[in-house]
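Undergrad: quick one: sequence plus predicted model below, questions after.
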Amino acid sequence: MSSQKMRTTYCGLVTEALLGQTITLCGWVNRRRDHGGVIFVDLRDREGYVQVVCDPDRAETFKVAEGLRNEFCVQVKGLVRARPAGTTNDHLKSGKIEILCHELTVLNPSVTPPFQLDDENLSETTRLVHRVLDLRRPYMQNNLMLRYKVTMEVRKFLDANGFIDIETPMLTKSTPEGARDYLVPSRVHDGMFFALPQSPQLFKQLLMVAGYDRYYQITKCFRDEDLRADRQPEFTQIDVETSFLDEEEIRTMFEGMIRSTFKNVIGVDMPAFPVMTHTEAMRLYGSDKPDLRVQLEFTELTDVMKDVDFKVFSGPANSPDGRVVALRVPGGSEMSRSEIDGYTEFVKIYGAKGLAWIKVNDIAGGREGLQSPIVKNIHDAAIAEILKRTGAASGDLIFFGADKAKVVNDAIGALRVKVGHSEFGKAHGLMQGEWKPLWVVDFPMFEFDDDAQRWNAVHHPFTSPKDGHEDWLETDPGRCVAKAYDAVLNGIELGGGSVRIHREDVQSKVFRALKIDAEEAQLKFGFLLDALQYGAPPHGGIAIGLDRFVMLMTGAESLRDVIAFPKTQRAQDLLTQAPGPVDEKQLRELHIKLRNTQTA
């Protein structure tokens, strides 16, 4: 006994190749149009659209078509025929054909949707509350289909290179890895908690010790931290670890993975990744993830400003943690005062107290050719050196940053990107190239926390120091450079990794540098320290943020546009209304009592 198929093909895949055939489609009514007795239905599924024509000479079918509304789920059986001359649509795969409807079945009607799916001005809140309908929109479907293709390409690449997919636990132990943990109370063990993993870091290192050699996982990670457009409380990592490869070999392999994925998914020939040290990146761009499309660089002026009368400059120039830099903007003298004032307010976000500037109206005129309220406070030798070092020409604008080095780097680094991405920047060629990748290497191992008066790990405490730097771990941690590397693309950190510490004695030294004593180290990381004593191999790896990877590929402005069911910036799911309350019985089972709860 034969049965007819519910569907023979997807709407968006119907082309001239099927001309003359009778086919069966299933999908959603995108729009119904009544044209003088003939009803046209734009039918949509995940692959795209097709036009269905319902003629009045099929009375029963026509009557069903008259009752259709947007988002009805329907089945159509009909004949594929060519569209009449002059009515083709070159923007659709199915744009040269249409379906003459023979049978029309409503599989499920729909209530009136809260918004039109082709509305481009929807608020994000509306989209997230009605996420199921939002996910029907072609924009979101294209993004998620592309995400799927990226993961398939990554898996193919890793499989071809001998990596095996191994799952690691989701319920694990709370360990200090930088961000705040999500804790899960144990019902069985009174007062005890699991933590959701911030990353599979320790487990993938244990897998290397266990001899699996090349591991990968496309896995969820959880961090309870302040959120922004490119962060989510739960996010997805392409997580990789390998034994017996050095820094350069690891970078070469995963640069290959990134480049092949871009090529095979969106047809982009990504250029080779230049390599830049962390010191150089901070010197030139004030950022460890510089956007190299922006053709602006810092000019170091700290030494020049030590003896000027202008205390705004000389103060930081003579401070051990101060820095003074210039940012020359070619053609910038045509900026209005209001634009400059706007940039002054912008840098205050990053802790800068203001933004000094000089307009170079006539370079040949020396001091007289400059326009700025600060010129009178700077002596001739310093002005000459500013103009020389920046390479200033007539018509340029020079911005200055002078403060603690961190404030200067953050504020002027952000200003550099803001100017480059502005309409002015684009018009003046300050943005060049579509894709600018980069490896940033040789990160410092530690950064000093002034508040806590202690050293913290820049990446994580399992990162290996450069050869020979082990001796400084306890005597001079600030000198230690890590075997760490970040993959950067268009000013966004795609991922980061390092060669790990594979010797227990070195790992213990790092813990001591971080003021983690032997007892605390054994309590929190004893299982790792013990494992390192059993012939642990040299190993290293990388974790690439899948969400950011896809966000860059699609040109989306937020991670939420490439995740099916994301959280808001307040870590809420507006669709399911999570997080939400639980009843008293559940709390009692978990041995938890809520404090200071008040009913509204």
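TA: Perfect, I can see it now.
Undergrad: got the buried residues for the longest helix anywhere in the chain?
TA: Longest helix in the chain by number of residues (criterion: DSSP state H): helix 138-160. Residues of helix 138-160 classed as buried under the neighbour-count rule (16 or more other CB atoms under 10 Å) are 138, 140-141, 143-144, 146-147, 149-151, 153-154, 157-158. The way it works is simple: take the backbone N, C-alpha and C, and place the C-beta from them, glycine included.
Undergrad: ok, stretch 11-22 next?
TA: Buried, per 16+ other CB under 10 Å, within stretch 11-22: 11-12, 14-15, 18.
Undergrad: same check, this time on stretch 248-259
TA: For stretch 248-259, by 16+ other CB under 10 Å, it's 250-251, 253-255, 257-259.
Undergrad: then stretch 113-128?
TA: Under the neighbour-count criterion of 16+ other CB under 10 Å, stretch 113-128 has 117, 122, 126-128 buried.
Undergrad: which two among the residues you listed are spaced furthest apart?
TA: The most widely separated members of those are L117 and L128, with 15.2 Å between them, by CB to CB.
Undergrad: K93 contacts E16, doesn't it?
TA: No. Contact criterion CB atoms under 8 Å: K93 and E16 do not qualify, at 10.0 Å.
Undergrad: quote the end-to-end distance of stretch 42-53.
TA: 9 Å (CA to CA, to the nearest Å).
Undergrad: relative to R570, which of the buried residues of helix 138-160 is nearest.
TA: M140 (21.4 Å).
Undergrad: per-residue pLDDT, that closest one?
TA: pLDDT recorded at M140 is 96.
Undergrad: quick check: it touching L133?
TA: No. M140 is beyond contact range of L133, at 9.8 Å (criterion: CB under 8 Å).
Undergrad: can you give me the helices in the stretch 501-600 of the chain?
TA: 504-513, 518-531, 546-554, 584-589 (DSSP state H, counting those that start in this stretch).
Undergrad: quick one, which of those is nearest to D226?
TA: Across the helices of the stretch 501-600 of the chain, closest to D226 is helix 546-554 (CB to CB), at 16.8 Å.
Undergrad: next, the angle helix 138-160 makes with the closest one.
TA: Between helix 546-554 and helix 138-160, the angle comes out at 120 degrees (axes from the mean of the first three to the mean of the last three CA atoms, to 10 degrees).
Undergrad: mind listing what's buried along helix 546-554?
TA: In terms of neighbour count (16+ other CB under 10 Å), helix 546-554 has its buried residues at 546-554.
Undergrad: who touches that helix?
TA: 142-143, 146-147, 150-151, 218, 230, 232, 235-238, 258, 261-262, 265-266, 489-490, 492-494, 556, 558-559, 561-563 (CB atoms under 8 Å, 6 or more residues apart in numbering).
Undergrad: buried ones among those?
TA: 143, 146-147, 150-151, 218, 230, 232, 235-238, 258, 261-262, 265, 489-490, 493-494, 556, 558-559, 561-563.
Undergrad: run through the stretch 201-350 of the chain and note the low-pLDDT ranges.
TA: Applying pLDDT under 70 to the stretch 201-350 of the chain picks out residues 227-230.
Undergrad: and the biggest strand by length in the chain, what's buried?
TA: Looking across the chain with DSSP state E, the single longest strand is strand 22-35. Within strand 22-35, the residues scored as buried using 16+ other CB under 10 Å are 23-32.
Undergrad: and stretch 587-600, what's its mean pLDDT?
TA: Mean pLDDT, stretch 587-600: 78.
Undergrad: okay, the buried residues of stretch 113-128 in a markdown table with secondary structure and distance to T277 next?
TA: Shown next, in a markdown table, are the buried residues of stretch 113-128 (DSSP: H, G, I helix; E, B strand; the rest coil; distance: CB to CB, whole Å):
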| residue | secondary structure | distance to T277 |
| --- | --- | --- |
| L117 | coil | 49 |
| L122 | coil | 44 |
| T126 | helix | 46 |
| R127 | helix | 42 |
| L128 | helix | 41 |
